[in-house]
Structure formats: C-alpha cells, structure tokens
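Participant: Provided below are the primary sequence and the corresponding predicted coordinates.
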Amino acid sequence: MEKEELAKLKLQLTEQRDRIISGLNHIERDTLNKSQRDAAGDLSGYSFHMADQATDNFDTEFSLDIASNEQNLLNEIDEALKRMEDGAFGSCEQCKKPIALKRLKAVPYTRYCLKCQAEAEKKRPR
C-alpha cells in the first residue's frame, strides 16, 4: 500500500476516533452523570410515576447500549492504528492476503478481507 493511501486511512481513523470519543463524552455527561430526578427535570420532592421511571430506565439503558457499541468500535479503531504502527495494517488476519483498498476505505478498521469476513459471519451464532 502506498504511503499516501495509508496516511489518508490513518486520518480517516483518527477523525472517526475523535467523533466517537466526543459522542461518548456527551453520553457520559447527559446520561451517566445525572440522577433520574435530574434527567427528568423533576425538582420536586415527590416520587416518580412508574411510567416515568420506566421511560427514564429505557432511555438510560438505550444510552448505555449505544456507549457500549461505540466503545467496541473505538477499540477496533485503536487496534487498526496499532496495526498501522506495526506494519500489519491492510493484511487479512485470517488468510494473510492483502485487503482490497476499496474495502479499507469503506471500513478502515477491518481485520479481514471480504471473503474471510463472510465466512466468519456464517459461523457466528445468531
């Protein structure tokens, strides 16, 4: 792979990484660091209605699911950046063949070529 293409992919990964970190900080600030009462805007001393609690719980769990998925993606990006440093970026971890540049541009943190990715997904339990 040419150095210019590698530099473009590295920039793409670092920009995506920065966006994810910003999103995770937003989730932390708006969801995780607030009590249920603060999140609901309830300043009174009265207890919550059960339906309000359920909605707040759903919103919190939804935000946590998003944060978990984003953290997994962030880990994949960090691993891809490490592979760049190690000189292993762009090679399929399964078959060791080069990953197509078109695929790397679409999914720059990928570990597998398209063929090996398809095989791995077939084996994955649903």
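Facilitator: Perfect, thanks for sending it.
Participant: Now the element after the helix ranked longest in the chain, going C-ward?
Facilitator: The longest helix of the chain (DSSP state H) is helix 50-86. Later in the chain than helix 50-86, the nearest helix or strand by DSSP states H and E is helix 101-106.
Participant: can you pull the buried residues of the next helix or strand after that following helix?
Facilitator: Sequence-wise, the next helix or strand downstream of helix 101-106 (DSSP H and E) is helix 114-123. Within helix 114-123, the residues that qualify as buried are 116-117, counting by 16 or more other C-beta atoms under 10 Å. From N, CA and C alone the C-beta is placed, and that goes for glycine too.
Participant: I'd like the average pLDDT over helix 114-123.
Facilitator: The average pLDDT within helix 114-123 is 94.
Participant: what's the answer for stretch 14-23, then?
Facilitator: Mean predicted confidence for stretch 14-23 is 96.
Participant: from the middle of its chain, how far away would it be?
Facilitator: 9 Å (C-alpha atoms, centre = their mean, to the nearest Å).
Participant: Show me which residues of it are buried.
Facilitator: 16-17, 20.
Participant: How much space separates P108 from L101?
Facilitator: 10 Å (C-beta to C-beta, to the nearest Å).
Participant: Give me the buried stretch members for the longest helix of the chain, please.
Facilitator: Quick answer for helix 50-86 (16+ other C-beta under 10 Å): 56, 63, 67, 70, 74, 76-77, 80-81, 83-84.
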